[in-house]
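Asks: Provide a 3D model corresponding to the input given below.
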Amino acid sequence: MVKKKVITVVLDLALQTKVNEGMLVAASKHHIHLDGKVAFYFKTQYTYTGNKNLAPRTKETYNSHYRNLWKFLAQIGDFDTMLMLLSPRLKRLPAMKVESLMAYIRYKKMSKSTVLSATQGGVPIVHVLTQLPMHCQDDWKANRPLKQFTSALSRLHVAHYHTTQYLDACEDCCSLWDSDPASSGCHMHLGRGQRVFRCGNPTKDTDYKDIQDALKNGAYKESGCDSLRPKDLRMLRAFLLAGSSIPLLGPTLSL
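Replies: Next up, the predicted model:
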């Protein structure tokens, strides 16, 4: 029997405690029971992306994006959005908050001197513990990670049956629902059902698409593969041996 690989995202104690408390509150809004300690596990490719058969490398790439998103959401305190990243996969969850996903893209793409916000000139986003404004990291130089992240998000929402156009919750419907769960919704949604939870695929949202297009690096041109193959290492070793760069050779190049 093959043992399933389990990977846990580790947060510092203070932040993990905050996550535990926040996610219990978020889960209770959706009538979901969670254990007292919330952890984040990857077990099988079906846990997050439904029954779609993904290539091993695609699965690994998606999981990497999910892990990094989990850490980011913990820092900004969006525990409601984090529910979709729990394993085993929970049912009847709202869609992820598109503003948090837009903020994550800016966090990864904008320069480190930029104060983080969901939109250009928007309200600064603060760290959930320090309450100080966060700064962007400029980790994604190329456009490929952004494209991969969008694919991973879309696949995750499809697995949760969020396949339609993204719709945010209505504040008026939420207020009426808090006072009277039997309410039929605000005057805008009367007879069409309450809009008290987010639904749909956030990658189809106009604002998400706009920020994705705006932050694409048009000057960056990708070519070739993104990793060195054994053949490439042998060619590199031959080149270094033929020149005066022998001190650069290490034991890892003894192919």
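
Asks: So in the chain, where's the weakest helix or strand by average pLDDT?
Replies: Using mean pLDDT, DSSP states H and E, strand 41-42 stands out as the lowest-scoring helix or strand of the chain, at a mean of 48.

Asks: hey, where'd the helices end up in the stretch 51-200 of the chain?
Replies: With DSSP state H, counting those that start in this stretch as the criterion, the stretch 51-200 of the chain has helices at 56-76, 79-82, 98-109, 144-159, 171-179.

Asks: so which of these comes closest to residue 116?
Replies: Distance to residue 116, taken as CB to CB, is lowest for helix 98-109 among these, at 5.6 Å. Bear in mind the C-beta positions are built from the backbone N, C-alpha and C, glycine included.

Asks: Can you name the residues in contact with that closest one?
Replies: With CB atoms under 8 Å, 6 or more residues apart in numbering as the test, helix 98-109 has contacts from 69, 72-73, 76, 78, 81, 114, 116-119, 125, 134, 136-140, 145-146, 149, 153, 166, 168, 198, 202, 205, 207-208, 211-212, 215, 217.

Asks: can we see that at 6 Å?
Replies: Helix 98-109 has contacts (CB atoms under 6 Å, 6 or more residues apart in numbering) with 72, 78, 81, 116, 118, 125, 136-137, 139-140, 202, 205, 208, 211, 215.

Asks: number of nearby residues for residue 160?
Replies: Residue 160 has 20 neighbours, counted by other CB atoms under 10 Å.

Asks: The residue nearest the centre of the chain: what's it in contact with?
Replies: For the chain, the residue nearest the mean C-alpha position is residue 69 (3.4 Å; CA atoms, centre = their mean). By CB under 6 Å, 6+ apart, the contact list for residue 69 is empty.

Asks: What separation do you get for it and residue 150?
Replies: Note on residue 69: its distance to residue 150, by CB to CB, to the nearest Å, is 12 Å.

Asks: Among the contacts of helix 98-109, which one sits closest to residue 32?
Replies: Using CB to CB, residue 81 comes nearest to residue 32 of the contacts of helix 98-109, at 14.1 Å.

Asks: I'd like the distance between the closest one and residue 12.
Replies: Distance, residue 81 to residue 12, using CB to CB: 20 Å.

Asks: what's next to the helix or strand containing residue 208, contact-wise?
Replies: Assessed by DSSP states H and E, residue 208 sits inside helix 206-214. The contact list for helix 206-214, computed with CB under 6 Å, 6+ apart, reads 98, 102, 105, 202.
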